[in-house]
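*Asks:* what's the 3D shape of this:
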Amino acid sequence: AAVRGWAAGGAAAVARGAPRRHASSDAAAAHLKRASAAMGVVPDAPPAREIRKVGVIGGGLMGSGIATSLALTGHHVLVKEVSREAADAGVGRIMDNVARRVKAGRMTEEEFEAVKANVSGVTDYGDFSDRELVIESVVELMPLKQQVFAEVQAAVPAACVIATNTSSMDIPEIATPITDKSRVVGMHYFSPAHVMPLLEIVRTPDTSLQTLSDALGVARASKKSPVVVGNCVGFALNRMFSFYMQVANLLVESGVSPYRVDKAAFDFGMPMGPYRMSDLAGVDVVRNADKVIQAGFPYCFPSLLTETLVKAGRLGEKSGAGFYDFSKGARTASEDEAAIAPLLDAARTAARTRNPRLASAPEYTDAELVELMMFPVVNEAYRIVEEGNAASYGDLDVASVLSYGWPASTGGPMFWAEVKHLKHVVATLKEAHGVFG
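*Replies:* Numbers count the residues shown, from 1 in each chain. All right, here's what the predicted structure looks like:
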């Protein structure tokens, strides 16, 4: 088997003798329907307790989105912030989210007022004395999250579920201050939290079946589609799709235009390509997330491409320019070849100094570009299931559609790979290893 991210384990471990899937949109739809019905079902789990009183710590973009999702479905939500000004701002973001639904005709004024009555901003943990679930959504700093957990434990009832919305950090380490670790669980929302349907429920070795069931119950009650995953760096979806971005960077460093990469991904059926997605999320955010994944898995593909743009102040939509130019508006992306050319040149020079093979990479068709970006995603998904960090390949197919917008017409990455045939997947990965190292 090859090494690093191409074909060490993963798909290679199950390719021998694997059947080829029937390729049709009807077959893909039937597969996703069956997999959706099974996703989030935990054998022997007790019934979920009814949870209506929730505390959310942090009223920023993510915290306000989580609170919006809960308030819209009848939960009473307290948003905890460090000051009255910050708490009021958090509640304001929530009500702005809800007001957009009224403006779009999806909610009446009376319904708006009912949601408003269910949301309050607080600055004292003493207000959490009756909470049944608390979700922390503060910045990704381990000491801060541990401090928050210690303060929550001192304030909430013994039966309260304590959850973290971290997207990649080790949950048992966050839970170090908690005495009863069986009530700790990850609830990883995707942004914007009140819009995106998927919710990763992250089970640690200490999470009790009751806590797991309660988290799943809250997810379903708030109209989310929950998938249970294990505690590992990046959990399941961010870990899988980090390879989409990593290989895109390799291709650009080898000489492919980032705009051609984006077009190939879009034409395949993704909502946007990796570089348009990076500009939307924030190039610095993507850079930081990649660093976390790469620190956790030694077979990743390091790149200086996003770092080069960050140093140039091109952070995406929020700064007016990233891989694209947004001078016509935050949602109007224009290719900006002349401006990014020197940045691409610098990144390519650095990459080729580290890996001279990048300079002699072959020309690829758009279909080949898609396979090169997506087969490592498939490979990592197989690893995740083999490790026990996801229950099934079907779970990851559905979750990929609901989070990263994988084209449903293909049945999800695992189903698509089986249509392509896993032997072809592994052969392509091994060939790519020969080219890129």
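*Asks:* and the residue nearest the centre of the chain, helix, strand or coil?
*Replies:* In the chain, the centroid-proximal residue (CA atoms, centre = their mean) is N238; its distance is 4.3 Å. Three states are possible here, and by DSSP: H, G, I helix; E, B strand; the rest coil the one that applies to N238 is helix.
*Asks:* For it, give me its contacts.
*Replies:* Residues near N238 by CB atoms under 8 Å, 6 or more residues apart in numbering: 167-168, 289, 293. (C-beta placed from N, C-alpha, C; glycine too.)
*Asks:* Just the ones in helices from those, please.
*Replies:* In helices, defined here by DSSP state H, the members of the contacts of N238 are 289, 293.
*Asks:* Nearest to M196 among the contacts of N238?
*Replies:* Proximity of the contacts of N238 to M196 was ranked by CB to CB; the top entry is S167 with 12.5 Å.
*Asks:* I figured that closest one was touching A289, is that so?
*Replies:* Yes - using CB atoms under 8 Å, S167 makes contact with A289 at a distance of 7.2 Å.
*Asks:* which residues of the stretch 301-437 of the chain fall in helices?
*Replies:* Per DSSP state H, counting those that start in this stretch, the stretch 301-437 of the chain carries helices over the ranges 305-311, 337-354, 366-386, 393-403, 413-420, 422-436.
*Asks:* Residues that sit against both of S167 and A289, list them.
*Replies:* 234, 238.
*Asks:* How is this protein divided into domains?
*Replies:* Listed by automatic domain parsing, the domain ranges of the chain are 10-20+237-388+421-436, 53-230.
*Asks:* Out of those domains, flag the one nearest L32.
*Replies:* L32 lies closest to domain 53-230 among these, at 11.4 Å (CB to CB).
*Asks:* First-to-last residue distance for that closest one?
*Replies:* Between the opening and closing residues of domain 53-230 lies a distance of 26 Å (CA to CA, to the nearest Å).
*Asks:* same deal with stretch 71-82?
*Replies:* End-to-end distance for stretch 71-82: 21 Å, by CA to CA.
*Asks:* which residues are contacting that stretch?
*Replies:* Taking contacts as CB under 8 Å, 6+ apart, the residues outside stretch 71-82 that touch it are 51-59, 63-64, 67, 70, 87, 89-91, 94, 98, 101, 115, 118-123, 125, 127-128, 131, 194, 218, 221-223.
*Asks:* so how far is it off the chain centroid?
*Replies:* Using CA atoms, centre = their mean, to the nearest Å, the distance from the centre of stretch 71-82 to the centre of the chain it belongs to is 23 Å.
*Asks:* List the buried residues of it.
*Replies:* The neighbour-count check on stretch 71-82 (16 or more other CB atoms under 10 Å) flags 71-73, 75-81 as buried.
*Asks:* repeat for stretch 100-119
*Replies:* Of the residues in stretch 100-119, those scored as buried under the neighbour-count criterion (16+ other CB under 10 Å) are 101, 107, 115, 118-119.
*Asks:* just stretch 403-415 next, same as before
*Replies:* Of all the residues in stretch 403-415, those buried under the rule 16+ other CB under 10 Å are 403-404, 406-408, 410-415.
*Asks:* again, but for stretch 129-140
*Replies:* With burial defined by 16+ other CB under 10 Å, the residues of stretch 129-140 counted as buried are 131-138.
*Asks:* quick one, which of the domains of the chain is nearest to D26?
*Replies:* It is, among the domains of the chain and with distance given as CB to CB, domain 10-20+237-388+421-436, at 16.5 Å.
*Asks:* got the residue ranges for the helices in the stretch 51-200 of the chain?
*Replies:* Under DSSP H, counting those that start in this stretch, the stretch 51-200 of the chain gives helices at 61-71, 84-103, 109-117, 142-155, 171-174.
*Asks:* now for those, which one comes closest to R383?
*Replies:* helix 171-174 (19.6 Å).
*Asks:* Which elements pack onto that closest one?
*Replies:* Taking 3 or more CB pairs under 8 Å, 6 or more residues apart in numbering; DSSP states H and E as the contact definition, the neighbouring helices and strands of helix 171-174 are helix 142-155, strand 184-189.
*Asks:* most packed of those?
*Replies:* strand 184-189 (a mean of 25; mean count of other CB atoms under 10 Å).
*Asks:* In its sheet, which strands sit next to it, and in what direction?
*Replies:* Counting by DSSP bridges, the strands paired with strand 184-189 are strand 161-164 (parallel), strand 198-203 (antiparallel).
*Asks:* and it, average pLDDT?
*Replies:* The predicted model assigns strand 184-189 a mean pLDDT of 98.
*Asks:* can I get the CA coordinates of it in CSV?
*Replies:* As requested, the backbone C-alpha atoms of strand 184-189 are provided in CSV (Å, rounded to 0.1, in the frame of the first residue of the first chain):
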residue,chain,number,x,y,z
VAL,A,184,-20.5,15.1,28.7
VAL,A,185,-21.1,14.9,25.0
GLY,A,186,-20.2,16.8,21.8
MET,A,187,-22.9,18.5,19.9
HIS,A,188,-21.1,19.9,16.8
TYR,A,189,-23.3,22.1,14.7
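*Asks:* quick check, distance from that strand to the centre of its chain.
*Replies:* In terms of CA atoms, centre = their mean, the gap separating the centre of strand 184-189 from the centre of its chain is 12 Å.
*Asks:* Equivalent analysis for stretch 152-167, please.
*Replies:* Average the C-alpha atoms of stretch 152-167, do the same for its chain, and the two points are 22 Å apart (CA atoms, centre = their mean).
*Asks:* Please point out which parts of it sit buried.
*Replies:* 152-153, 155-156, 160-167.
*Asks:* cool, and stretch 240-256?
*Replies:* When neighbours are counted by 16+ other CB under 10 Å, the buried residues of stretch 240-256 are found to be 240-254, 256.
*Asks:* Using PDB, write out every CA atom in that stretch.
*Replies:* What follows is stretch 240-256 as a C-alpha-only set of coordinates in PDB (Å, rounded to 0.1, in the frame of the first residue of the first chain):
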ATOM      1  CA  MET A 240     -13.000  13.700   5.800                       C
ATOM      2  CA  PHE A 241     -13.300  16.900   3.900                       C
ATOM      3  CA  SER A 242     -10.100  18.400   5.000                       C
ATOM      4  CA  PHE A 243      -8.500  16.100   2.400                       C
ATOM      5  CA  TYR A 244     -10.700  17.800  -0.300                       C
ATOM      6  CA  MET A 245      -8.900  21.100   0.500                       C
ATOM      7  CA  GLN A 246      -5.500  19.500   1.000                       C
ATOM      8  CA  VAL A 247      -5.500  17.800  -2.400                       C
ATOM      9  CA  ALA A 248      -6.900  20.900  -4.100                       C
ATOM     10  CA  ASN A 249      -3.900  22.800  -2.600                       C
ATOM     11  CA  LEU A 250      -1.500  20.200  -4.000                       C
ATOM     12  CA  LEU A 251      -3.100  20.500  -7.500                       C
ATOM     13  CA  VAL A 252      -2.800  24.300  -7.400                       C
ATOM     14  CA  GLU A 253       0.800  24.100  -6.200                       C
ATOM     15  CA  SER A 254       1.500  21.800  -9.200                       C
ATOM     16  CA  GLY A 255       0.200  24.500 -11.500                       C
ATOM     17  CA  VAL A 256      -3.600  24.100 -11.800                       C
END
